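Novice: Return a 3D structure for these sequence lines:
(2 chains)
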Amino acid sequence: METKFALAGIDYLIMVVYFIFVLGIGWALKKYMKNASAFLEAGRSMPAWVAGLAFISTNLGALEVMGMTGSGLKYGMLTTHFYWVGAIPAMLFLALFMMRFYYGSKARSVPEYLKLRFNEKTRGLNAILFAVMTVLASGISMYALAILLENVLGWNFNVSLLASAAIVLAYTYLGGLSSAIYNEVLQFFIIVIGLLPMTILVLSDVGGWGGLQSSLAPIVESKGYAADTWTTTWKYTSTESGNPLGVAWYGIFAGLGFVLSFGYWCTNFLIVQRAMAAESMTAARKVPLIGAIPKMFIPFLIIVPGIAALVLLNDPTKGFVLPVNETGQPIYDYTIIMLLKQYLPAGVLGLGVTALLASFMSGMAGNVSAFNTVWTYDIYQSYIRPTTSDHESDDRHYLKVGRIATIFGVVVSIGAAYVASKFGNIMDFLQTIFSMINAPLFAVIFLGMFWKRSTGNAAFTGLLAGFSVALLHHGLTQPEGAATLVKGGWLGVIHTYPVEMAQNFWTAIFAFTTSTVLTIVISLLSKRTKSDEELNGLVYSMTPRLNDNDVKWHQRPWFLATIVGVICIVLTVLFW
Amino acid sequence: MLDIRFPIGLMFSIFGVLITIYGLATMGNEAMYVRSLNVNVNLVSGICMTVFGVIMLLLSEPVKKMFRK
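Specialist: Alright, predicted model coming up:
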């Protein structure tokens, strides 16, 4: 069956209009980029709703969109655990308890917070790992997009890779973080509006939610699961073997709900940077909450169509097929683009493909704008050229460095994309390894913010040990049927997990626990190096409580957080 | 600085008008819309996008300022 398709003139026209707008926004912001702070921190001037939508949009990269639809097909509604028990509680925690320290400490990045709270070496370790991780991530997503466009639309791999990188480079170079953020808001609307017609059509084709449930039952039963496993979330999580994730409720709760999600949402500078660009303390605390509202409903946009695709695949009359790889396995990540092709005629199809391009750009611009900030402030300014007494010339200098870092970040990402195209396994492996830094980082930042006794040496050791344990765990375990050492077991196999997801969860749990225990023990054994005064604004117990008395009750973070929490619980119960 | 509602509104108005016109032009082409369950999805989305774009434009500072004058 043919899995390639071509676009019509109208589709290209829509794409061109979109390109003109993203570049135009960068151009319009160029005149405001007078100093390093405007370029790298958006001058801390973003309204809460703008930063909030950017916050969610930068996470909604191409790999997220493609991967979540594919996961919908593979795991059904259990994929929503990444949202309702994963992202949302972590975003609430970030907003209510952590943002005031990130924002109030005047740190310009997460590594810089580590420097203020702990010491230089903890910052250095985090900054370097983060810089490598962001460039790898943007290279891998660039590769994924270009290969998708080549396989499905027949576009030239090199042209789509270089052109998409050039557009992102142009608008982030012109307008810095402001341009990345504004474009992320625009891209958010394109992603939602571009994918929505496909979501509605696929769902009505399978007879709505009820029709989906009944058509799935025989398919899921033939896989050896209970009939409604693909349309429920917690129902079959009492055992590991009862659900396709291969993880029971406690693993989901601890691994995904706590360690992985808090690690990602509360410490990843790529995400936190959006909230740090807000115009005020109240706005900064509201950013993750505003982002949480659309985040809760994104599963309906991208996961549910993936679940419906399982029905289509099993119904020969629909003529729906997925492209296959060299070994004849269907490529699940291509589910979304094949669904777009299946349901959308020329016109809206162009908008759907533009939505995928927009998701790629929002993710990549996020990586680039976080990379140039960490490079300029945490690596260049700390180790290569410290500030001098001449603030004005310093500022001009760091603005220039920020701009060069933007180009450098994109060029290295392109290099990473080509490495991924030749040695995909190595890149997957590196990304897995670097993603392991989040769980220990969360342990260290959490203890730093809420326990004044934690010390710099303890934090550094905790971070390093947590990372090493994650590596060790990955090296000693592997998922069932793993064909390559990239999936783990490169030191020998002492345990086999039913699926890769389970292995990831437990890697994070082990790393987090090691980091926490070690940081606590070493802190208790070592002398405090920071006085109570120095910790003001950095540690919970040393910082005066914020009161929101001057903010109207319906605009207070706690009020917004309650609404988000209630909706999230209702969704969880509805799809239990 | 820039009110992002303005470019968003303008872009979706352009998308909306383009796709609505395309939907009208392809109205008789039933074969083309078999895949979208016999709905002229261009016409429907086009109109919705135009409405969304115009609302965003009306909410944006540059347009509000124009009306005030």
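Novice: can you pull the contacts of residue A:310?
Specialist: When contacts are counted by C-beta atoms under 8 Å, 6 or more residues apart in numbering or on different chains, residue A:310 touches A:73, A:76, A:216, A:219, A:230. Placement of C-beta: from N, CA and C, glycine included.
Novice: Look at the residue of chain B found nearest chain A and say how many residues are nearby.
Specialist: Of all residues in chain B, residue B:42 sits closest to chain A, at 4.0 Å by C-beta to the nearest C-beta. Using other C-beta atoms under 10 Å in any protein chain shown, residue B:42 is surrounded by 30 other residues.
Novice: again, but for residue A:285
Specialist: That count, for residue A:285 with other C-beta under 10 Å as the rule, works out to 29.
Novice: Just confirm it is within a helix.
Specialist: Yes: counting by DSSP: H, G, I helix; E, B strand; the rest coil, residue A:285 is found in a helix.
Novice: I'd assumed residue A:98 was in contact with it.
Specialist: No: Residue A:285 lies out of contact with residue A:98 (C-beta atoms under 8 Å); the separation is 9.3 Å.
Novice: Quick one: mean pLDDT over the longest helix seen in chain A.
Specialist: When chain A is parsed with DSSP state H, its longest helix is helix A:157-205. Here helix A:157-205 scores 93 as its mean pLDDT.
Novice: repeat for stretch A:416-429
Specialist: pLDDT averaged over stretch A:416-429 gives 79.
Novice: Now do that stretch: distance to the chain's middle.
Specialist: Centroid displacement of stretch A:416-429 relative to its chain, using C-alpha atoms, centre = their mean, to the nearest Å, is 20 Å.
Novice: Over to stretch A:248-257?
Specialist: Worked out by C-alpha atoms, centre = their mean, stretch A:248-257 lies 19 Å from the chain centre.
Novice: What are the contacting residues of that stretch?
Specialist: A:81-82, A:85-86, A:89, A:234, A:237-240, A:245, A:247, A:502, A:504-506, A:508-509.
Novice: Among these, the buried ones, what's the PyMOL command?
Specialist: Here is the PyMOL command that selects only those of the contacts of stretch A:248-257 that count as buried (16 or more other C-beta atoms under 10 Å in any protein chain shown):
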select buried, chain A and resi 81+82+85+86+89+234+237+240+245+247+502+504+505+506+508+509
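Novice: Any chance you could list what contacts stretch A:259-267?
Specialist: Counting by C-beta under 8 Å, 6+ apart, A:82, A:85-87, A:89-91, A:93-94, A:98, A:110, A:271-272, A:288, A:438-439, A:441-442, A:445-446, A:504-505, A:508-509, A:511-512 sit against stretch A:259-267.
Novice: Please flag which of those sit within helices.
Specialist: Those of the contacts of stretch A:259-267 lying in helices (DSSP H): A:89-91, A:93, A:110, A:271-272, A:288, A:438-439, A:441-442, A:445-446, A:504-505, A:508-509, A:511-512.
Novice: Not counting sequence-adjacent ones, nearest residue to the closest residue to chain B within chain A?
Specialist: Nearest residue of chain A to chain B, counting by C-beta to the nearest C-beta: residue A:347, 4.0 Å away. Counting by C-beta to C-beta, 6 or more residues apart in numbering or on different chains, residue A:347 lies nearest to residue B:42, which is 4.0 Å off, once chain neighbours are set aside.
Novice: hang on, that neighbour packs against residue B:20?
Specialist: Yes: the criterion here is C-beta under 8 Å, and residue B:42 meets it with residue B:20 at 7.4 Å.
Novice: chain center to the longest helix seen in chain B: distance?
Specialist: Scanning chain B for the longest helix, with DSSP H as the assignment, gives helix B:5-25. Remark: helix B:5-25 is offset 3 Å from the chain centroid, using C-alpha atoms, centre = their mean.
Novice: just checking, what packs against that helix?
Specialist: With contacts taken as 3 or more C-beta pairs under 8 Å, 6 or more residues apart in numbering or on different chains; DSSP states H and E, helix B:5-25 sits against helix A:9-29, helix A:157-205, helix A:348-373, helix B:41-59, helix B:61-68.
Novice: Around chain B, pick out the residues from the stretch 101-250 of chain A.
Specialist: A:178, A:182, A:185, A:186, A:189, A:193, A:197, A:201, A:204, A:205 (C-beta under 8 Å from any C-beta of the partner chain).
Novice: rerun that using 6 Å as the cut-off
Specialist: Proximity of the stretch 101-250 of chain A to chain B, by C-beta under 6 Å from any C-beta of the partner chain, involves residues A:182, A:185, A:186, A:189, A:197, A:201.
Novice: Now for these, which sits with the most neighbours around it?
Specialist: residue A:182 leads these on contacts (other C-beta under 10 Å) with 28 neighbours.
Novice: Residue A:398 and residue A:38 touch, don't they?
Specialist: No: with contacts counted by C-beta atoms under 6 Å, residue A:398 stays clear of residue A:38, the gap being 11.2 Å.
Novice: same question for the helix or strand hosting residue A:471, mean pLDDT?
Specialist: Element membership for residue A:471, per DSSP states H and E: helix A:456-476. In this model, helix A:456-476 has an average pLDDT of 91.
Novice: So for that helix, what gets flagged as buried?
Specialist: Buried, per 16+ other C-beta under 10 Å, within helix A:456-476: A:456-467, A:469-471, A:473-475.
Novice: C-terminal to it, what's the next element?
Specialist: Per DSSP H and E, the first helix or strand lying C-terminal to helix A:456-476 is strand A:477-479.
Novice: And that following strand, how far out from the chain middle?
Specialist: With C-alpha atoms, centre = their mean, you get 24 Å for strand A:477-479.
Novice: just stretch A:371-389 next, same as before
Specialist: 25 Å.
Novice: which residues touch residue A:535?
Specialist: A:452, A:542 (C-beta atoms under 6 Å, 6 or more residues apart in numbering or on different chains).
Novice: Need the phi and psi values for it.
Specialist: Backbone torsions for residue A:535, taken as degrees, to the nearest 10, come to phi -90, psi 0.
Novice: same deal with residue A:228?
Specialist: According to degrees, to the nearest 10, residue A:228 has phi -100, psi 20.
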